[in-house]
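Q: For reference, the sequence and a predicted model appear below.
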Amino acid sequence: MNTGLKAKHQRLVLIGIAVAVLIAAGLLAAWALRSQASYFYVPSEMVANPPEPGQAVRLGGMVQAGSLKTAPDGITINFVVGDGDAKVPVRYSGIVPDLFTEGSGVVAEGRMDANGTFAADTLLAKHDENYVPRELHDMTEAQKRATVEETTK
Amino acid sequence: MIAEFGLAALWLAAALAALQLVAGALVLRRDEPGLAALVRPAAVVQGLLAALSFGALLLLFVQTDLSVRLVAENSHTAKPMIFKIAGAWSNHEGSMLLWVAVMAMAGGLIALIERRLPERTLLATLAAQAFVSLGFYAFLLVSSNPFERLSPAPLEGNGLNPLLQDVAAAYHPTTLYFGYVGLSVAFSFAVGALLTRQVTPDFARAMRPWVLGAWIFLTLGITAGSYWAYYELGWGGWWFWDPVENASLMPWLAATALLHSASVLAARDALRAWTIMLGVVAFSMSMIGTFLVRSGILTSVHAFAVDPERGSFILALLTLYIGSALTLFALRAGTVAEGERFSVTSREGALVVNNVALSAILAIVLVGTLYPLLTEAFGIKVSVGPPYFNPVSALFFMPMLVVLAVGPLLRWRRDSLGRVQNEVVLVGVIALLVLAGVWFNTSIGLLPLLGLALSVAIAVGSILPLKGRSLRRLPLAVWGMVVAHFGIAVALFGMSADSAFTKEKLVAATPGETVEVGPWKVTLEAVEPVAGPNWTALEGVLAASYKGGKPKQIAPQSREFWSPVQKTSESALLTRWNGQLYAVIGEEIDGGRWQIRLWWKPFVTWIWYGGLLIGFGGFLALLGRVMGDLKRRSLQARIARRRRTAADEEQAA
């Protein structure tokens, strides 16, 4: 683009560049989303069709009553997340969220390790009485019933 | 009584907005002086009425009038006063009322002071402003009346979500709202200019202070929100790419682009249609942000309204505004003549790079934010986080930052890199030296490494425009640019240093035990119960010593609120100039051992210092522009007066 260009041509060139960059950004975003988005699983899906070990995913369900154990180091916990049909063991190191207890809902972010344990980086529990993690809102009816059964036992 | 007064004021304001819209639109079609004279006063009075209405709501919250549903649901007599006041806008209805009140006051201010634009363009602008605010009035009056009474009145209120009982929460939403509203003003200016085909440098100059103001508020709002998330959530992170955060980042990206393109239009009469487009996009992003945050489509502390009717209402407004603005743009953009030309190596050229890169980043953030909502419609739940946002946006951020280091040195219209050869080489060599120095001494990731090198290069590059200029005579707007760009360097340095050098320790400690994290030795001295006005807590007393120095005490807490019942953990921070020690206390394990999580975060505070500097730079520029405008106006008035007296004298003679 030298100054010999007419104003009209310069405008076209500018539009062309802007559109090309935006399309490139869009394509890049689409490609990156396919490889980087982390999918949400409930335990039955995770057991039936496990994700690749090491791939970042999210696991949501209820913390099974009686499954919560603290390791001797005092900071690693092991527990089991279930949805009534299947169960997945989870390991987490850190301070648990304030509303994390046995029998309540949890969403764990992390990955499966080679032994079939879900290694969580982050735990999201209910924020408070009014804010249930979105994923737990719409479990299937069967899962919900099972969950209610478990939590009211 | 106060509630009824507030509601009446709101209805009247809505009626005046309707008048303002109809009168303004009619004048556009045919020149009618009688109608035209109505528009400005209508805007001013509308602003006053909306402000009164919001004032009434504030008063209700201060008095904790529990017969008003909104107060009963969100306040409590035992709450500290500051949170009673903040409670007025920490809920759906109140925040919408605040939005419309600020917007109406902005419209009134334009009507009072703006004299630079052609009158028709100004009236079209005010009509567009009324069009936007009418939607919000309808929203408030139809589906979210903040003044609704409750009968019988309860004896005590529900209280406010403890996460929101925080000083940052008191001003963070207001700053963001001022930003959103400022962009709605920019939008109205753009629509007004497009309707009357007056896309001129004067239009850019009239719009610029509003964009600048909006941008300052957004910058400060994002900075405050980021710091809030950092210390309140207790996760040690300062940015999570949470949809709610993105909802504030997207308008900021658009506003940053708009700010720079408006400068090109004001100074050089180029990038006309592009500036209009950005004005429309920036406001669209505010609306999308409001929709995402307030509709309840996302679950977060920000989503007050989990009421599908309200979500649909905001969505309808959003579609109406964006749809009509884009249609207007499609119809009219072709009739906007091309602006002035410029060469690639020029200030304009550099700013085009800035604009295109910011738009690309905006697209990336928008796609990443909306994608999970889209897939969920098809029953697939995904979440998109840092592994997507960080590298993909960095691909466009990095080249933009490279251009930022040298762009401000270039002249308008036409320049050559040869003229600024020495400066470019200096900046480049510094960047390479830092790169090599860090590379050989540490093993950190690629992005933090590039970030560190770029931050130093930008810091140097941002000061270079001062070289050879008289510092005393330098316009404030230039100072603003220098300070804001320097702030970007500071913030970037903080981000890179934090992600490269953070040290973390997670232990279960017995009182008396000492933990080492980075250069710190931290001793757990005791765990004690404490109580506040509406909570009780367990407090860990920690003594932290930096490199063997005198220990200082910090005390993270695990708090239990009793209205509403909720547990939160309060992190404790120890700030030095070169970073922060961050401590969180967890639960007691098998009697006597306490979970403690510690972070040493080098230079993390620089992120927010940088944010403040960026905002302060914007403030300097705004001050410079407004003072310049005022000076010019008083000068013109004096010339006019002198001419008149001269003419009078001539007549007398």
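A: Ah, there it is. Numbering: from 1, shown residues only, chains lettered A, B, ... in the order given.
Q: For the nearest residue to B:V353 once chain neighbours are set aside, pull up the helix or strand it's in.
A: Sequence neighbours aside, B:V403 is the residue nearest to B:V353 in space, at 4.6 Å (criterion: C-beta to C-beta, 6 or more residues apart in numbering or on different chains). Glycine gets a C-beta too; all of them are placed from N, C-alpha and C. Using DSSP states H and E, B:V403 sits in helix B:386-406.
Q: Now find how far off-centre the next helix or strand after that helix is within its chain.
A: With elements assigned by DSSP H and E, the helix or strand that comes after helix B:386-406 is helix B:421-441. On the basis of C-alpha atoms, centre = their mean, to the nearest Å, helix B:421-441 sits 33 Å off its chain's mean C-alpha point.
Q: quick one: B:M495 is in a helix?
A: Yes - looking at B:M495 with DSSP: H, G, I helix; E, B strand; the rest coil, it is inside a helix.
Q: so the spatially closest residue to it that is not a sequence neighbour is in which element?
A: Setting aside the residues directly before and after it, B:M495 is nearest to B:I607 in space (C-beta to C-beta, 6+ apart), at 5.6 Å. Using DSSP H and E, B:I607 sits in helix B:605-652.
Q: helices or strands up against that helix?
A: Counting contacts by 3 or more C-beta pairs under 8 Å, 6 or more residues apart in numbering or on different chains; DSSP states H and E, helix B:605-652 packs against helix B:201-232, helix B:476-501.
Q: what's the offset of the next helix or strand after the longest one from the middle of its chain?
A: Per DSSP H and E, helix B:201-232 leads on to helix B:243-268 as the next helix or strand towards the C-terminus. Here the centre of mass of C-alpha atoms in helix B:243-268, compared against the chain's by C-alpha atoms, centre = their mean, lies 10 Å away.
Q: After helix B:243-268, which helix or strand is next?
A: helix B:272-294.
Q: Tell me what angle that next one forms with helix B:201-232.
A: Interaxial angle, helix B:272-294 versus helix B:201-232 (axes from the mean of the first three to the mean of the last three C-alpha atoms, to 10 degrees): 30 degrees.
Q: A helix includes B:F561, no?
A: No - in this structure, B:F561 is strand, not part of a helix, as judged by three-state DSSP.
Q: so what does the helix or strand where B:Y371 lies touch, helix or strand wise?
A: Per DSSP H and E, B:Y371 falls inside helix B:347-377. When contacts are defined as 3+ C-beta pairs under 8 Å, 6+ apart, helix B:347-377 packs onto helix A:7-36, helix B:243-268, helix B:272-294, strand B:382-383, helix B:386-406.
Q: Within the helices and strands, which one has B:L12?
A: Residue-wise, B:L12 maps onto helix B:2-29 under DSSP H and E.
Q: domain ranges for the chain?
A: In the absence of a named chain, chain A is used. Per automatic domain parsing, the structural domains of chain A span A:1-37, A:40-152.
Q: Switch to chain B, please.
A: According to automatic domain parsing, the domains of chain B span B:1-164, B:422-501+B:606-622, B:504-603.
Q: as a whole number, average confidence for the first one?
A: Meaning domain B:1-164. If you average the pLDDT over domain B:1-164, you get 89.
Q: from the chain's centre, how far out does it sit?
A: 21 Å.
Q: rank the helices and strands packed on helix B:347-377 by pLDDT, which is bottom?
A: Across the helices and strands packed on helix B:347-377, strand B:382-383 has the smallest mean pLDDT, namely a mean of 83.
Q: Dump the helices and strands packed on helix B:347-377 to TSV, plus mean neighbour count and distance to B:A193.
A: Output for the helices and strands packed on helix B:347-377, formatted as TSV (neighbours: other C-beta atoms under 10 Å in any protein chain shown; distance: least, C-beta to C-beta, whole Å):
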stretch	mean neighbour count	distance to B:A193
helix A:7-36	15	18
helix B:243-268	25	10
helix B:272-294	25	7
strand B:382-383	20	41
helix B:386-406	19	27
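Q: can I get the ones you listed in JSON lines with distance to B:I364?
A: Below are the helices and strands packed on helix B:347-377 laid out as JSON lines (distance: least, C-beta to C-beta, whole Å):
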{"stretch": "helix A:7-36", "distance to B:I364": "5"}
{"stretch": "helix B:243-268", "distance to B:I364": "10"}
{"stretch": "helix B:272-294", "distance to B:I364": "13"}
{"stretch": "strand B:382-383", "distance to B:I364": "16"}
{"stretch": "helix B:386-406", "distance to B:I364": "5"}
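Q: Tell me which residue is most central in chain A.
A: A:R58 (2.7 Å; C-alpha atoms, centre = their mean).
Q: in the strand or helix carrying B:G192, what's buried?
A: Using DSSP H and E, B:G192 sits in helix B:167-195. Neighbour-count burial for helix B:167-195, counted by 16 or more other C-beta atoms under 10 Å in any protein chain shown, picks out B:168-170, B:172-195.
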